[in-house]
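Participant: Prediction below, plus the sequence it came from.
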Amino acid sequence: MNRPAEQVRESYDVVIIGAGVIGAAAARALARYRLRLLLLDRESDVGSVTSAANSAIVHSGYDPTPGSLKAKMNVVGNRLFPELCRQLDVDLKMIGSLTLAIGDEQVPIIEELAGRAAQNGVPVEILNRDAVLQREPNLTPEVRSALFAPTAGIVNPFELTIALAENAVQNGATLRLNEEVTRISPRPDGSYTVMTGRGAYRALAVINAAGLHADTLANNALAELGRPADYKIRPRKGEYFVLDHFDPEFLHHTIFTVPTEKGKGILVSPTTHGNYLVGPSAEFTDRKDDFATTDETLAQVLASAQKLVPSIPTRQIIRQFAGLRAVEKRGEFVIDRPAPGLVNLLGIQSPGLTACFAIAEEAVELLREDIPLEENPDFNPVCRPRVRLHRMAPDERAKLAAEHPSFGRVVCRCEDVSEGEIVDAIRRPCGATTVDGIKKRTRPGFGKCQGGFCQPQVVKILARELGKKPEEILLKSQGTEILLEKIGGANGD
Amino acid sequence: MATDPLRTETFDLVIIGAGSAGLAAASAAADAGVERILVLEKEDYPGGILLQCVHNGFGLHRYKEELTGPEYAERALNESNKRGIDLRCGAMVLKITPEKEIHYSGEKYGYRLARGKAVICATGADERTRGAIRIPGDRPTGVMTAGLAQHYMNLDGYMVGRRVFILGSGDIGLIMARRVTLEGGKVLGVAELMPYSNGLARNIAQCLNDFDIPLYLSHTVREIRGKKRLEQIVLARVDENFAFVPGTEKTFDVDTLLLSVGLIPSNRLLTDLGVRLHPKTGGPVVDETLQTSIPGIFSCGNSLHVHDLADFVSSEGENAGRSAARYVLDGADTPTGDSPVIRTEPGAGIGYLLPSVLHTDRTEEFLLKFRVRKPYRNVVLLLKQNGKLMKKVKKPYLLPAEMENLRLTREELPEPSGTLTLEIADE
């Protein structure tokens, strides 16, 4: 007897599992062709897990081992960023990075990194102490030299994933959220059945970009083909602090410690919105849902960061968070096609964000053998520009508010965000449906009050736009309602 | 048709914020003869945080009767309406320029400029958040500041939790403990980091003791647990250095944690302008006229320093209103530092002391405001100028939860210079 879950609902050319930055980039890259695409994610929004909790850095590529896939994808990906972010209207600032040698013993490491950079084809320059301190007066006086990488940048990682998914949807891809893939089952005809909590889809090809869970999906699919595989993802947790945008002159570059075997080490960096990010730690955890921060780890993060920038103002700390890197046991990106029509994009830890465009192109090339790729003449690579009121001149704002009064109504005081921007974030393709979704798209809740003032208004706007009751509005994933029932006889709306 | 959508209007005085401080300032300035006054309020209704304070206890000092927050706000609003003051709600101020041009934006007004000869900032305070006090653990829903919960319950009419714990014994936390209980929620406890409560004594009695809600002094939340909704908190005792005492952990199964862990004066508009902030209060440095380090810009209410009673906020607002009126009408240009000044400094046992600067040639009477660092019994306050004892006041008790006032006449400060220190000593 057929279980309902196994009845095929729809057929697609390619089903992409996981709407993180990698899955979304793959969907967008495939949207250039005449293909029926389905992008699935188990969360209530795209880019909710690793893509939402990382260092938001576009790495230059001096660090990965020369010749590795990481090095190649990093360098290629980095070069694609300016043009693609322009098309997608994503915030990107190529501010450059400084990797500091603190104490004489680290000076040779900087020289070694410069050699690695040359092998990877990354332009760098070694700066002496005076030159470093001239660029960044708030760095530790203990700095001896630094590796300056002018092609490093910072990006808004939320916006990037959302814009990629939006552009894919705009070009015909279907996006389904809150739908967890449980199994990729090969069919006798060489296609696949993708089973989810809600049903099943037939796919000529599958891209497995399921992040932390991509190993299990890949292993199970290959086991069904009688070809046991041993992909293994072990999450490595990174804990961070976020500082308020207290002073645009505090730091101008991303500041790194010298890398260790665990990763790129601690960084202190401006974000595209003028905040400062401090972190991450790098500790393995055995749980793929462990996003807890701890006092001990964050104290170490802060102490390490203070070795770079002693005057980090701890009074300006507004948030802590933890992200999980999907580390494959080989420590390398896994971009493969273990069976016809099945492409794995797994183990995409740092510099995965930087590599996303390059990895997406690799995925397209791997699928070329399995499905016909015919150019889509209607493909539009450009996202409709987002309104960013806080960067507009007063007369422009006045003009916009006169035409559309909702752009005059400022909902978020800390970040200066209007109701018009929030409504647009909901109504766009791949629009926000949760309070965090609004926060990631337009920033209310990112500021000093952390939503204390604006959250009730955001909840009301979401309820109105989505035709829901306020008590149905979610903070983030399913099961995260903010409000309980209406108080009897209370004077609400 | 208007060709330039960016309208500029000119006023004598622009007041930012229509809470207790801003409304009182407006009325007092009008009474002192200022004509063109504009009050800008970010919310759709005037009254500020009073509107969500549906409990009573307001107005005992000012009106000699017990009012609710909305009733108190209504009185303040009636006063300003009687004087025909131009009040614009739903108008968010975004920027103050050095020329005292106020940029604001609202659905009704669009984006506009208001130029004032003087400006009073009465922008209230922000609640300290989970991130600011760095509570470790998971990030589920069900963790929010007490003021936000108060907004949801009292203004929007929604329950926020069934099994609730409250961190911080500040007044908002205590009030919310009672409010949640009255609506059928179960409050499992209130924890306070300090060895004493930070709320008013009457609130401890009426909000906790009357409902048998335990108060855990010298305790704080060690960890938050819950993947989606809050499931558990871990409470632990802290020692005198606020370090956790191992082995004292207790877990509570709760779906909601409310944070009442302090208010921070909200002053981004002023810091962007370069106004100097007081290291202790988080508000601006002011003189006895409540003028900040920039002439013509005044501060009052919770954005100057955190108050515990709205009544005192109103009288401080009036002081700012009168000072701004003198500035507007007399053209009193009083850059801090030009005329002879006395600087004030908190001495032993004093947390902060306001104002920071006194000009003895301008005012007959001074009102010093301060908070103590910890509770005291049977002590004396010693006011010393340049080390010389000027005044001695007996105090049966002093509590950090209660802002204290000390009135001084000019005669008590014959020397117009040096440093005035306030300290606590044994009787």
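Facilitator: Cool, got the structure.
Participant: Which helix in chain A has the most residues?
Facilitator: Using DSSP state H to define each element, chain A has its longest helix at helix A:69-88.
Participant: residues making contact with that one?
Facilitator: A:58-61, A:64-65, A:90-92, A:94, A:120-122, A:151, A:153, A:155, A:160, A:163-164, A:167, A:332-333, A:335, A:351, A:354-359, A:361-362, A:381-383 (Cβ atoms under 8 Å, 6 or more residues apart in numbering or on different chains). Placement of C-beta: from N, CA and C, glycine included.
Participant: Past that helix, which element shows up next along the chain?
Facilitator: Toward the C-terminus, helix A:69-88 is succeeded by strand A:92-93 as the next helix or strand (DSSP states H and E).
Participant: related to what we said a few turns ago, show me which of the contacts of helix A:69-88 are buried.
Facilitator: Burial by neighbour count, judged by 16 or more other Cβ atoms under 10 Å in any protein chain shown, picks out A:58-61, A:64, A:90-92, A:94, A:120, A:122, A:151, A:153, A:155, A:160, A:163-164, A:167, A:333, A:335, A:351, A:354-359, A:361-362, A:383 from the contacts of helix A:69-88.
Participant: Chain B next: which of the residues you listed are close?
Facilitator: Contacts with chain B within these, counted by Cβ under 8 Å from any Cβ of the partner chain: none were found.
Participant: Centre of the chain to stretch B:235-253, how far?
Facilitator: 30 Å (Cα atoms, centre = their mean, to the nearest Å).
Participant: again but with stretch A:261-280, I slipped
Facilitator: Distance of stretch A:261-280 from the chain centroid (Cα atoms, centre = their mean) equals 14 Å.
Participant: before we move on, what about stretch A:234-253?
Facilitator: How far stretch A:234-253 lies from its chain's middle: 15 Å, per Cα atoms, centre = their mean.
Participant: quick one on the thing from earlier: so which of the buried ones among the contacts of helix A:69-88 belong to helices?
Facilitator: Cross-referencing the buried ones among the contacts of helix A:69-88 against helices under DSSP H gives A:120, A:160, A:163-164, A:167, A:354-359, A:361-362.
Participant: Find the residue closest to the residue in the stretch 201-350 of chain B that chain A sits nearest to in space, skipping its chain neighbours.
Facilitator: In the stretch 201-350 of chain B, the residue that lies nearest chain A is residue B:228 (3.8 Å; Cβ to the nearest Cβ). Closest residue to residue B:228 apart from its sequence neighbours, by Cβ to Cβ, 6 or more residues apart in numbering or on different chains: residue A:479 at 3.8 Å.
Participant: tell me the domain ranges of chain A?
Facilitator: With domains defined by automatic domain parsing, chain A comprises A:1-91+A:154-232+A:329-385, A:92-153+A:234-325, A:389-472.
Participant: Serialize those to CSV and add fields for mean pLDDT and distance to residue B:299.
Facilitator: As requested, the domains of chain A are exported to CSV (pLDDT from 0 to 100; distance: least, Cβ to Cβ, whole Å):
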stretch, mean pLDDT, distance to residue B:299
domain A:1-91+A:154-232+A:329-385, 95, 35
domain A:92-153+A:234-325, 95, 20
domain A:389-472, 97, 17
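Participant: Tell me which of these lies nearest to residue B:117.
Facilitator: domain A:389-472 (21.0 Å; Cβ to Cβ).
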